[in-house]
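Trainee: Need coordinates for the below:
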Amino acid sequence: MQCQRILELVQMMKRLFIAEKPSVGKAIAGALGVKKSYGNYIECKTGDTVTWCFGHLMELEDADVYLPDGIPVTKSGKKRWRQEDLPILPETWKTCLKKKDGKTDPGIKKQYQLIVKLTKAADVIVGAGDPDREGQLLIDEVLETCKLPKSKQILRYWASAVDDASVKKALNNLQPNNSKKFVGMRNAARARGHADWLIGINASRAYTLAAQRGSGNLSGSVNIGRVETPTMNLVALRDAEIQNFRPKPYFVFKGTFIADGIRFQATLQLPEDHPGLDSEKRLTSGAEAKKINDALQGAKSGTVKDCESKNAEQTPPLGYSLADIQSAANAKYGYSAQQVLNCCQKLYETYKLTSYPRSDCQYLPTSQFGDVKQVLAALKAVNPDLAAAVAGANPALKSKIWNDAKISAHHAIIPTQNARASAMTEDEKNVYRLLVLRYLAQFYPPAKLLKSKLTVSVNGFDFVCSGTAILEPGWKKITGNDAPAKDKKGQEEDQKVPALKKGQAVTVEKIAAVKELTKAPPHYTEGSLIKAMQNIAASISDPRAKKWLKDGDGIGTSATRAMIIDKLKRTGMLELKGKNLLATPKACTVLAELNKLVKDPVMTARWEEVLQAIENGTASLAEFEAAQRKFTTAIVNEVKEKKIAIQTE
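Mentor: Sure thing, here's the model as predicted:
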């Protein structure tokens with residue numbers, strides 16, 4: 001009763017909501033009731049005011065701020081990079097408004113000044129950053145510069161979605177912003193930002209200077225970063241693996257059989273402990289292949305050892321995260337990661353046809369299930385050519401995509417209820433269609449399959465034939481080629497498996513040994529590199545590091561991965577050849593000289609472990625930063641005498 005009264009009193013006060021971005025601010029204002037919109041802020045019927053940031057309004061100051069006056073400057077007015085100034089270790093961290101081309105962004109400045117003005121008039125301030133560390137810091141760092149009296153109450157709005165139900169629930173559950181949970185999140189985000197600055201600024205300068213000493217007139221700089229350097233290393237390692245790859249022969253025995261008038265193929269399947277098999281269970285021994293061939297030659301018949309068929313269902317694929325749509329559009333259309341992000345951003349911001357794009361989530365909150373009919377109606381209006389597909393969708397079906405426990409700061413990228421068609425570019429149409437078909441698939445039944453496996457024994461050797469027949473296509477009816485590609489292990493996977501009886505005799509038409517060669521792994525494409533960054537834990541052997549990287553969603557974020565790849569291309573570290581991404585000679589030279597830990601994603605895992613402890617209050621920001629200052633100094637000292645001759649071809 002007392003808590004309810006306190007809530008009522010708080011609601012009577014004049015509140016200012018500061019959202020992370022306009023879309024969230026407008027969703028909050030919509031739930032409160034819009035009285036009047038003034039462009040970059042909204043007055044609500046409740047007496048509240050809602051405004052917003054444009055992502056981070058603040059950023060850490062440039063290194064020049066911490067360097068003494070009198071240092072020679074470049075033509076651009078920046079202080080020259082000198083070995084004697086390294087390492088740069090700020091005693092007191094300074095922030096500034098975000099810059100564009102070296103100057104304060106005028107749009108950012110205008111919005112910041114508005115927020116400062118609005119905070120003075122508010123009784124209560126409610127931070128509505130995204131429900132994650134960066135979302136916490138993003139609002140807090142703005143408020144820290146507003147010089148607010150300590151008596152001013154600051155609350156935290158916490159929601160993972162912007163549908164009306166989720167927003168109203170969050171509005172009724174505002175929490176103190178100075179709680180241990182939120183302070184810990186802010187400190188963890190700040191610790192990560194400071195450490196990235198220390199290593200990025202100092203290592204980039206140290207290695208650039210070393211390259212200038214070894215290469216004379218070096219063009220550009222050598223950029224080092226916690227995420228971009230391991231990403232560059234991933235590509236370089238794959239390139240080296242391909243370059244050093246030597247194909248090895250192995251043998252596959254294929255048989256053609258006839259039973260009940262049906263001709264079918266099957267492949268020899270050897271026991272795992274059979275002599276002559278490699279780690280991939282391939283037969284690599286020529287002598288063993290000859291023994292098997294001799295034993296099978298002249299065979300005229302075989303016996304059905306086993307024949308089984310079972311019904312199975314394949315549910316619709318989950319929704320698209322940004323990494324998923326980038327990978328799918330790259331594979332289908334050859335679009336770069338940045339192209340896909342730009343398309344998704346346009347679909348979201350300009351056309352308002354899809355939800356927030358920078359998401360790492362494949363699921364949807366159950367609170368949005370009630371919007372399905374409206375979304376389907378909008379899809380029919382925007383996509384007349386999909387009218388039949390929309391008509392066939394069953395809005396009552398609830399697929400695995402609806403799962404509150406799996407929601408992160410955002411949900412899967414899906415179409416919205418906006419029913420106004422827009423003049424999209426061809427690229428935007430293609431990306432939009434992928435998103436629409438994936439959403440529609442959720443309201444079609446599972447595909448019904450018949451999985452069959454036939455084993456034929458010939459002179460004591462087992463030949464296996466397997467296949468999957470689609471009995472009812474279900475969701476596959478509308479996705480067509482946009483459905484996830486299935487893993488094909490051999491051509492016989494797609495053939496019709498005859499329904500034979502155990503013990504039945506079959507005629508051997510032909511058995512032959514086919515000599516094949518192992519294949520090198522494929523080069524990374526932008527799509528596969530995005531997925532590799534997200535799933536970097538798969539390439540780590542250290543179980544502890546693997547866990548933290550898996551729990552922390554790999555290296556980079558959905559919002560930054562495309563930009564990181566784009567930057568590596570712009571700075572001459574990666575290059576495109578067709579669809580393939582390759583490490584340049586410049587990148588390979590730098591990687592060969594780098595401290596192992598800087599190019600190893602394990603560093604991110606170690607950081608994440610400590611950052612989680614900072615968030616939980618069991619480790620301190622100061623201790624973490626002291627360790628990073630020590631590591632930064634070691635990196636600088638390691639390279640201060642080096643001369644690195646950068647290769648350009």
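Trainee: I'd like to know how many residues surround residue 78.
Mentor: Close neighbours of residue 78, defined as other C-beta atoms under 10 Å, add up to 13. Glycine gets a C-beta too; all of them are placed from N, C-alpha and C.
Trainee: Need the distance between the two termini of stretch 351-359.
Mentor: Using C-alpha to C-alpha, to the nearest Å, one end of stretch 351-359 lies 18 Å from the other.
Trainee: no wait, stretch 402-418
Mentor: 21 Å.
Trainee: Ok, stretch 570-586 next?
Mentor: Using C-alpha to C-alpha, first and last residues of stretch 570-586 are 13 Å apart.
Trainee: Give me the contacts around it.
Mentor: Residues outside stretch 570-586 that contact it (C-beta atoms under 8 Å, 6 or more residues apart in numbering): 219-223, 228, 232, 235-236, 239, 330, 334, 336, 522-526, 529, 565, 568-569, 587, 590-591, 646-649.
Trainee: shaky segments in the stretch 151-300 of the chain?
Mentor: Within the stretch 151-300 of the chain, the set of residues satisfying pLDDT under 70 comprises 161, 163, 216-217.
Trainee: CA atoms only: put the helix or strand containing residue 117 into CSV for me.
Mentor: For residue 117, the enclosing helix or strand under DSSP states H and E is helix 106-121. C-alpha atoms of helix 106-121 as CSV (Å, rounded to 0.1, in the frame of the first residue of the first chain):
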residue,chain,number,x,y,z
PRO,A,106,25.9,20.3,-34.7
GLY,A,107,22.9,18.0,-34.5
ILE,A,108,24.4,16.3,-31.4
LYS,A,109,25.2,19.6,-29.8
LYS,A,110,21.6,21.0,-30.4
GLN,A,111,20.0,17.9,-28.9
TYR,A,112,22.4,17.9,-25.9
GLN,A,113,21.6,21.5,-25.1
LEU,A,114,17.9,20.7,-25.3
ILE,A,115,18.3,17.8,-22.8
VAL,A,116,20.3,20.0,-20.4
LYS,A,117,17.5,22.6,-20.5
LEU,A,118,14.8,20.0,-20.0
THR,A,119,16.6,18.4,-17.0
LYS,A,120,16.5,21.8,-15.1
ALA,A,121,12.7,21.9,-15.3
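Trainee: Check which helices and strands it sits against.
Mentor: Here helix 106-121 touches strand 15-19, strand 49-52, strand 95-97, helix 133-143, going by 3 or more C-beta pairs under 8 Å, 6 or more residues apart in numbering; DSSP states H and E.
Trainee: Mind doing that once more with 7 Å?
Mentor: Under the contact criterion of 3 or more C-beta pairs under 7 Å, 6 or more residues apart in numbering; DSSP states H and E, helix 106-121 touches strand 15-19, strand 49-52, strand 95-97.
Trainee: List of residues touching stretch 107-115?
Mentor: 18, 40-41, 51, 53-54, 57, 97-98, 142 (C-beta atoms under 7 Å, 6 or more residues apart in numbering).
Trainee: and the two most separated of those?
Mentor: Farthest pair in the contacts of stretch 107-115 (C-beta to C-beta) is 41 and 98. Separation: 19.2 Å.
Trainee: more crowded one of those two?
Mentor: With neighbours defined as other C-beta under 10 Å, residue 41 and residue 98 compare such that residue 41 has more, 21 against 18.
Trainee: Name the residues of the helix holding residue 117 that are buried.
Mentor: The neighbour-count check on helix 106-121 (16 or more other C-beta atoms under 10 Å) flags 108, 111-112, 114-115, 118-119 as buried.
Trainee: Strand partners (parallel or antiparallel) of the following helix or strand past that helix?
Mentor: Next along the chain after helix 106-121, taking DSSP H and E as the criterion, comes strand 124-128. Here strand 124-128 is paired, per DSSP bridges, with strand 15-19 (parallel), strand 153-156 (parallel).
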